[in-house]
Structures are given as structure tokens and as C-alpha cells.
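Chemist: sequence and predicted model, in that order:
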Amino acid sequence: MTGDTVPVRVCALLVSPDGRVCVIRRHRPGGVQHSLPGGLLADGEQPADALRREIREELGLDLVAADVDPAPRFEQHQATTRPGGSRLFLRRHLVCVVHLPQALADGVALVELDAADTTEVLWPAPADLAGSHLYPDIGEHLVAAATQAAPAAAAPVLLPAMTDASYQWR
């Protein structure tokens, strides 16, 4: 990223046929954090290509082979400070919802493959994540996103921004 451009993080809400969602549980100094798998776009990379690359790197899952064309369902902006920091941490999150066939869901790694910290890959029911610390902070939209199809060719839904007042780093 160059200049004043806000880094874009693309992530996936992976949904199994039984409606469970894939999250990465991270053990942080401030407590447990659940993250949707994904990562930053590289310079010149398109969101769908970045998502495919990140899901392959983190979970060993090939979305190209799954014939999935992920389109962002949600967009959320982040301007927060990290613990002990004073500089704003900026991100623009694009969240894609991907419904997987069971064979692909079964093939997802049990830990994040490229993580530097301790992680576990879990498949909870969306309702079980209510009140959990989720990154990005899309918790109240999980159940609907996992169970309802997105309107065809719809623009991403802009969610309330993540700020120090609404989100706390762990």
C-alpha cells in the first residue's frame, strides 16, 4: 500500500452445509479473539484473488477448485488504537460469505497454517458466537449471513465502523 491508502483486508465467512461457520480462535494477551480467515490485499491484487490466496495459505482450502466466486457481502471500516499505542490502526474490511460443500468443509485445516501465534480453527453455530470477540466485528450479522442468500449483484452492506468506542483489541 502506498501513501495515505487505507489497507484492505478481505476475509471469508465460510459456512458448512449444516450452517456452522469457520472462525480462527486466537489466544491473545487480553483474552480470546475469534477471527474470520483472510488477510490484506497485495498491491494490484483484486479482492477475490486475495481471498482465494489467503484461504489457501491459512486453511489449505482451494476456493478455485471449489468453483466459488466470492463477492463482498459486507464492508466495515476500522479506526482503532492498539493496546499501549497511540497511532490509529486503519483497515477497510471486505467480508465475503462462502457456502462450502461438506467435502471442502471437512478438508479445512485444524489450525491456521501460516500463524505466528497459537490458533485453533473452529466450526461453531453462528448463535454460539453471540457476544464473543470477533474480528472484524460483524457478530450481529452472523446468523443472517450464514442462513440467508445475498441479493444478486448487490453492493456490500456498509456496517458500523469499528472504533475505540465500539471495539477493543485483545
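Modeler: Yep, that arrived. Numbering: from 1, shown residues only.
Chemist: now do the contacts for residue 45.
Modeler: residue 53 (CB atoms under 8 Å, 6 or more residues apart in numbering). Every residue, glycine included, has its C-beta placed from N, CA and C.
Chemist: model confidence score at it, please.
Modeler: As predicted, residue 45 sits at a pLDDT of 94.
Chemist: now the lowest-mean-pLDDT helix or strand in the chain, how far from the centre of its chain.
Modeler: Ranking every helix and strand in the chain by mean pLDDT, DSSP states H and E puts helix 142-147 at the bottom, with a mean of 88. Taking CA atoms, centre = their mean, to the nearest Å, one finds helix 142-147 lying 14 Å from the centre of the chain it belongs to.
Chemist: which secondary structure elements does that helix contact?
Modeler: Under the contact criterion of 3 or more CB pairs under 8 Å, 6 or more residues apart in numbering; DSSP states H and E, helix 142-147 touches strand 8-15, strand 88-99.
Chemist: tilt between the last one and strand 8-15?
Modeler: For the pair strand 88-99 and strand 8-15, the angle between their directions (axes from the mean of the first three to the mean of the last three CA atoms, to 10 degrees) equals 30 degrees.
Chemist: which residues does strand 88-99 contact?
Modeler: 6-15, 17, 36, 47-48, 51, 63, 66, 68, 70-82, 136, 138, 145-146, 150, 156, 162.
Chemist: and the next helix or strand past the least confident helix or strand of the chain?
Modeler: Following helix 142-147 in sequence order, the next helix or strand is strand 157-158 (DSSP states H and E).
Chemist: so which residues make contact with that next one?
Modeler: Applying CB under 8 Å, 6+ apart, the external contacts of strand 157-158 come out as 73, 74, 75, 76, 141.
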